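**Q** My questions concern the predicted model and sequence given below.
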Amino acid sequence: VSLARFDEARRVAIFGGTHGNEMSGVTLVNLWVKNGSEIQRKMVDTKPFITNPRAVEKCTRYVDTDLNRAFTPENLSALGEGDLPYEVQRAQEINRIFGPKGSPEAYDVIFDLHNTTSNMGCTLILESSKDYFNLQMMNYIKVTDIRLKSLLKASIQLVECCFTSVNIVLCDWFIAGLEVGPQPQGVLRSNIFEAMRVILKHALDFIELFNEGVEFPTCTVEVFRVLERIDYPRDANGNIIAMVHPNLQDGDWEPLNPGDPMFLTFDGKTLHYQGSGTIYPTFINEAAYYEKQQAFVTTRRETLVASAIRKA
Amino acid sequence: MLQCYIYIAVCGGTHGNELSGVYLVRELLKAKDIVMEEEREEPASVLMVLANPRAMQQCRRYVDTDLNRCFTHATLNGPISDSAPYEMTRSRELNAMLGPKGSPGAVDLVCDLHNTTANMGLCLIAYSDCDWICLHIFKHLQLSLACWIICDACLLKNTFSVAMEIGPQPHGVVRSNIYTAMKDGVQHMLDWVRLFNSGTIFEAGFVDVFTIVKNIDYPRDSETHNITATIHPQLQDRDFLLLHPDDALFQTFSGETLRYKGNEPLYPFFVNECAYYEKGIALGFGKHSETDVNYILFCC
């Protein structure tokens, strides 16, 4: 496809607090709910929204279940109202307000703001390699702001991951997950906060330009495609017996070669990466993933061609 | 100064999401099981404890209330109901296990392992400035490890106790470099105990100490009480580096710099510790001094 045409992005939502202890998004959305002038753009209706207010109030990831995994068709059609887990009720509420997919009221673009304890810099999470709109947005941001040229990464997630499931059921178009780290849960770091704010500024500028009819010529974008999850080594009782090795810690997006140190047991033994080829690890030592049996994920580096895009 | 035989307790998991201490004590308990299995004779000079198992299981700081604030005389000795917060019941159990100060079989010192999201490196926190066992331990550690010592006379404790605080580490995460630093710190401390118990004499001397002067809170919105600024990027991660009057302190969300308005330079620490947002503390300030360890210490 040499030129892809899309309708205008009229309605844009910015979600914060999907995980209540990921403070950059919580803080930005609260700020913009109070005073939204910074996120206003011509002919765009931008709505900042706290998706999980109870988790935000308790400064915890979730109350009953992870909201980011709650957007399944089964959950969205479940009956029971107040008896349902809190986050399932929230998913239904969010679907009513911002979706459902295919309806004229559905939002066009949703940004879902997250933080990670991993040293991932700023990562835009895409759902597929055909996500031309988001790929063009990535490219626009990197070209516009040189500081973000190497800091901003794009990652294509596994099919069953959170953002994909939200996209399938909720949003007509584009849901862009934005993950910025490293930041401890419950903490607000000024540099991380500013980075997220700047990226959203550029993203909204891009949408405004697109809506004005600007054509964005074809471009190439480097992406990291997620391959598999690697768990911590565990004993027979399921307890973790090793930590991410100091050589790998903070090494997100750097090549991990077969034979490189991967884990360090508590008594000082090094375990090495046994894969068959070089991979690019990410989400290294994310706090929330200990319970999801994930020490890091492996990715493959790819160069994608995004076709030119223009308003229909 | 005479002391007969020091018995020390090492506690991990007082806060269930401060993982270096959780994993370290688990490992030390495992190693101890192996020693006991092999029936090696060793005088019991160390007791290992996982302080807050329920919080550890949920990977949270606490279940009902902060365990670290449940060791005052009032909390330990006051009346207790069936519906008491979990940590209040637990603090009494721990107190019984470790023994109130002065009672037979009681531990002489509790070393409580903690992590912080602040960039504090290895830090030892004593709860009085005349605790001569602690001061000698600090002197020993300062010889071979880079570490800071804070005296916080505000927290009343029922026994000699020192906190070993290491950061930066996010809560809910174990970083191998932080774990290793804690393992080294604890090892040095246990070495000191072993040396003392086998008759080594420890001379008087000096230790570099920071004494807490005050804590300050974030600027907050008067209605919502939400914070309206972050730690300024020029202060973030600069724990224990002298802060002068007029240096940058906070950055508001609208980009304005708020400056330190005190009239004397002070040392900041616990800069941007996650758990202190709810306690209304953005950072603490301390003064530096050389404290006289003026007792010569030996075992009888």
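**A** Everything's here; your move.
**Q** got the residues of the stretch 101-250 of chain A near chain B?
**A** A:117, A:182-191, A:193, A:239-240, A:243-246, A:249 (C-beta under 8 Å from any C-beta of the partner chain). (C-beta placed from N, C-alpha, C; glycine too.)
**Q** Out of those residues, which end up buried?
**A** A:117, A:182-190, A:193, A:240, A:243-246, A:249 (16 or more other C-beta atoms under 10 Å in any protein chain shown).
**Q** can you tell me which helix in chain A is longest?
**A** In chain A, with assignment by DSSP state H, the single longest helix is helix A:190-211.
**Q** Report the buried residues of that helix.
**A** A:190, A:192-197, A:199-200, A:202-204, A:206-208, A:210-211.
**Q** try stretch A:136-153
**A** For stretch A:136-153, by 16+ other C-beta under 10 Å, it's A:Gln136, A:Met137, A:Met138, A:Asn139, A:Tyr140, A:Ile141, A:Lys142, A:Leu148, A:Leu151, A:Leu152, A:Lys153.
**Q** Narrow those residues to those in strands?
**A** A:Leu152, A:Lys153 (DSSP state E).
**Q** Let me see the contact set for the residue nearest to B:Cys59 when sequence neighbours are not counted.
**A** Closest residue in space to B:Cys59, ignoring its immediate chain neighbours: B:Asn17 at 5.0 Å, by C-beta to C-beta, 6 or more residues apart in numbering or on different chains. Contact partners of B:Asn17, counting by C-beta atoms under 8 Å, 6 or more residues apart in numbering or on different chains, are B:Ala55, B:Cys59, B:Arg60, B:Arg61, B:His171, B:Gly172.
**Q** distance of A:Tyr273 from B:Asp33?
**A** Shown here: A:Tyr273 relative to B:Asp33, a distance of 31 Å by C-beta to C-beta, to the nearest Å.
**Q** Check the nearest residue to A:Arg10 once chain neighbours are set aside and give its pLDDT.
**A** Nearest residue to A:Arg10, sequence neighbours excluded (C-beta to C-beta, 6+ apart): A:Asp108, at 5.9 Å. A:Asp108 carries a pLDDT value of 90.
**Q** Run a quick neighbour tally on A:Asp108.
**A** 22 (other C-beta atoms under 10 Å in any protein chain shown).
**Q** Repeat that for B:Glu165.
**A** Applying other C-beta under 10 Å, I find that B:Glu165 has 27 neighbouring residues.
**Q** tell me which element the residue lying closest to B:Leu266 once chain neighbours are set aside falls in.
**A** Spatial nearest neighbour of B:Leu266, excluding adjacent residues (C-beta to C-beta, 6+ apart): B:Phe285 at 4.1 Å. Here B:Phe285 sits within strand B:283-293, counting by DSSP states H and E.
**Q** For that strand, name the packing helices and strands.
**A** Applying 3 or more C-beta pairs under 8 Å, 6 or more residues apart in numbering or on different chains; DSSP states H and E, we find strand B:283-293 packed against helix B:132-144, strand B:205-216, strand B:267-269.
**Q** try 6 Å
**A** Applying 3 or more C-beta pairs under 6 Å, 6 or more residues apart in numbering or on different chains; DSSP states H and E, one finds that strand B:283-293 contacts strand B:205-216, strand B:267-269.
**Q** Name every sheet partner of it and say whether each one runs parallel or antiparallel.
**A** strand B:205-216 (antiparallel), strand B:267-269 (antiparallel) (DSSP bridges).
**Q** ranking the ones you listed by burial, who's on top?
**A** When these are scored by mean count of other C-beta atoms under 10 Å in any protein chain shown, the highest mean neighbour count falls to strand B:267-269 (a mean of 23).
**Q** what's the helix or strand following the longest helix of chain A in contact with?
**A** Downstream of helix A:190-211, the next assigned helix or strand under DSSP H and E is strand A:219-230. With contact meaning C-beta atoms under 6 Å, 6 or more residues apart in numbering or on different chains, strand A:219-230 is reached by A:135, A:138-139, A:154-158, A:280, A:294-306.
**Q** So how do I select the buried members of these in PyMOL?
**A** Of those, the buried ones go into a single PyMOL selection, burial set by 16+ other C-beta under 10 Å:
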select buried, chain A and resi 135+138+139+154+155+156+157+280+294+295+296+297+298+299+304+306
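**Q** How confident was the prediction at the residue nearest to B:Cys59?
**A** Note for B:Asn17: predicted pLDDT of 97.
**Q** and it, what element?
**A** With DSSP H and E as criterion, B:Asn17 is part of no helix or strand.
**Q** okay, and the helix or strand of the chain with the least pLDDT?
**A** Here I'm looking at chain A. When each helix and strand of chain A is scored by mean pLDDT, DSSP states H and E, helix A:162-169 comes last, with a mean of 45.
**Q** Which elements pack onto the helix or strand following that helix?
**A** Next helix or strand after helix A:162-169 toward the C-terminus (DSSP H and E): strand A:174-181. On a contact count with 3+ C-beta pairs under 6 Å, 6+ apart, strand A:174-181 meets strand A:109-115, strand A:121-126, helix A:132-144, helix A:162-169, helix A:190-211.
**Q** can you do 10 Å?
**A** Counting contacts by 3 or more C-beta pairs under 10 Å, 6 or more residues apart in numbering or on different chains; DSSP states H and E, strand A:174-181 packs against strand A:11-16, helix A:23-34, strand A:109-115, strand A:121-126, helix A:132-144, strand A:152-156, helix A:162-169, helix A:190-211.
**Q** Around chain A, which positions in the stretch 1-150 of chain B sit nearby?
**A** B:17, B:19-20, B:23-24, B:26-28, B:30-31, B:59-61, B:115-118 (C-beta under 10 Å from any C-beta of the partner chain).
**Q** beta partners of B:Phe269?
**A** B:Gly284.
**Q** measure it to B:Asn119 for me?
**A** From B:Phe269 to B:Asn119 the distance is 9 Å (C-beta to C-beta).
**Q** Common neighbours of the two, please.
**A** B:Gly167, B:Arg238, B:Asp239, B:Phe240, B:Leu241 (C-beta atoms under 10 Å, 6 or more residues apart in numbering or on different chains).
**Q** Identify the residues contacting the closest residue to A:Tyr289 other than its chain neighbours.
**A** For A:Tyr289, ignoring the flanking residues on the chain, the nearest one in space by C-beta to C-beta, 6+ apart is A:Phe283 at 6.5 Å. Residues near A:Phe283 by C-beta under 10 Å, 6+ apart: A:116-118, A:120, A:123, A:155, A:179, A:181, A:226, A:229-230, A:252, A:289, A:294-299.
**Q** could you redo the last one with a cut-off of 8 Å?
**A** Contacts of A:Phe283 by C-beta under 8 Å, 6+ apart are A:Thr116, A:Ser118, A:Met120, A:Asp252, A:Tyr289, A:Gln294, A:Phe296, A:Val297.
**Q** Now find how far off-centre the helix or strand harbouring the last one is within its chain.
**A** Going back to what we said before, that points to A:Val297. Per DSSP H and E: A:Val297 is located in strand A:296-306. Centroid separation between strand A:296-306 and its chain, computed with C-alpha atoms, centre = their mean, to the nearest Å, is 15 Å.
**Q** okay, the angle between it and helix A:132-144?
**A** 90 degrees (axes from the mean of the first three to the mean of the last three C-alpha atoms, to 10 degrees).
**Q** hmm, strand A:296-306 touching chain B?
**A** No - Strand A:296-306 is not in contact with chain B by C-beta under 8 Å from any C-beta; minimum separation 12.5 Å.
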